[in-house]
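>>> Need a 3D model of the sequence below.
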Amino acid sequence: MKLPAPLLHGRLIKRYKRFLADVELENGAQITAHCANPGSMTGLKDPGFGVWLSQNNNPKRKLKYSWELVDVGGSLVGINTNFANRIVEEALAKEAISELTGYDAVRREVPYGENSRIDFLLQNQSVITSCYVEVKSVTLSRQAGVAEFPDAVTTRGAKHLRELGRMAQQGHRAVMLYLVQRTDCTRFRLAGDIDPAYKSAFYEARAQGVETLCYTCHISSAEITVAHALETI
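Below you'll find the predicted structure:
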């Protein structure tokens, strides 16, 4: 997925009210940017971190800038959770996720379950059953090389696991795909201490037949693409 070009580089002053970040640009100007990440952003919001911003000159927008990337110890992290589905959609089109190839049609945001929408519904004309794919953006890492999810309590995430479990019980294929938007991790695990209820829902879904995939990304200031699968621990 190509990032808006060109991105502007600056230094983070502070992130606050969840969706706002003050940044000092390289020319010394201080601006406020939109932060498209509702999570805790643990380890990603320290003052002084290098950040990359996109710019939108639409006069209807309240904030002209959006925070897209952060440099953590020399590794880039994509903090915009809205990008995750776009990155996965491109990967599906290019068959870059080997476990999810061989489908004729890919549909997005399809209603299902109890007032939910599945991120991706994969279907074949010759097969009655479908493949339901839910995507979660992963940015947390509290131990070197280990990515974790979630970074905050997520009742919505637990609901998605229950919905996937019901699809699996009905005979469909159901997949929870964790997309690690950082370049410094080789393994993945659940952050059960942050949200025990999510961990419980995860293992219940697994017992019902839900599959788990975890992929990391190649990230540069120009684009973010799916890279390869990570070991789950």
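>>> alpha carbons only for contacts and neighbour counts from here, please
OK.
>>> what helix or strand is the most centrally placed residue in the chain on?
Residue closest to the average C-alpha location in the chain (CA atoms, centre = their mean): S137, at 1.6 Å. For S137, the element it lies in under DSSP states H and E is strand 127-138.
>>> who does that strand touch, helix- and strand-wise?
Packing contacts for strand 127-138, counted by 3 or more CA pairs under 8 Å, 6 or more residues apart in numbering; DSSP states H and E, involve helix 84-93, strand 116-124, strand 146-149, helix 155-169, strand 173-180.
>>> which secondary structure elements does the longest one contact?
Counting by 3+ CA pairs under 8 Å, 6+ apart, the packing neighbours recorded for helix 155-169 are strand 127-138, strand 173-180, helix 196-207.
>>> Mind doing that once more with 6 Å?
Here helix 155-169 touches helix 196-207, going by 3 or more CA pairs under 6 Å, 6 or more residues apart in numbering; DSSP states H and E.
>>> If you count neighbours, what's buried in the helix it packs on?
Y198, K199, A201, F202, A205, R206 (16 or more other CA atoms under 10 Å).
>>> Stretch 165-175 now?
G165, R166, M167, A168, H172, R173, A174, V175.
>>> And stretch 24-39, by the same measure?
For stretch 24-39, a neighbour-count test (16+ other CA under 10 Å) marks E24, L25, T32, A33, H34, C35, A36, N37, G39 as buried.
>>> Identify the farthest-apart pair in those residues.
For the buried residues of stretch 24-39, the maximum inter-member distance is 24.1 Å, found between L25 and G39 (CA to CA).
>>> which residues does A229 contact?
C214, Y215 (CA atoms under 6 Å, 6 or more residues apart in numbering).
>>> before we move on, what about G192?
Taking CA under 6 Å, 6+ apart, we find G192 in contact with K199.
>>> and it, what are its phi and psi?
Backbone torsions for G192, taken as degrees, to the nearest 10, come to phi -60, psi -30.
>>> May I see the buried residues of helix 196-207 organised as TSV, with pLDDT and distance to L92 added?
As requested, these are arranged in TSV below (pLDDT from 0 to 100; distance: CA to CA, whole Å):
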residue	pLDDT	distance to L92
Y198	98	27
K199	98	27
A201	98	26
F202	98	24
A205	98	23
R206	98	23
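>>> Make CSV from those residues and add distance to D184 to it.
Listed next are those as CSV, based on distance: CA to CA, whole Å:
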residue, distance to D184
Y198, 24
K199, 24
A201, 27
F202, 25
A205, 28
R206, 27
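>>> and which of those is nearest C217?
F202 (22.9 Å).
>>> And the closest one, how close does it get to E95?
Distance, F202 to E95, by CA to CA, to the nearest Å: 26 Å.
>>> So E26 is in contact with L12, correct?
No. Contact criterion CA atoms under 6 Å: E26 and L12 do not qualify, at 11.1 Å.
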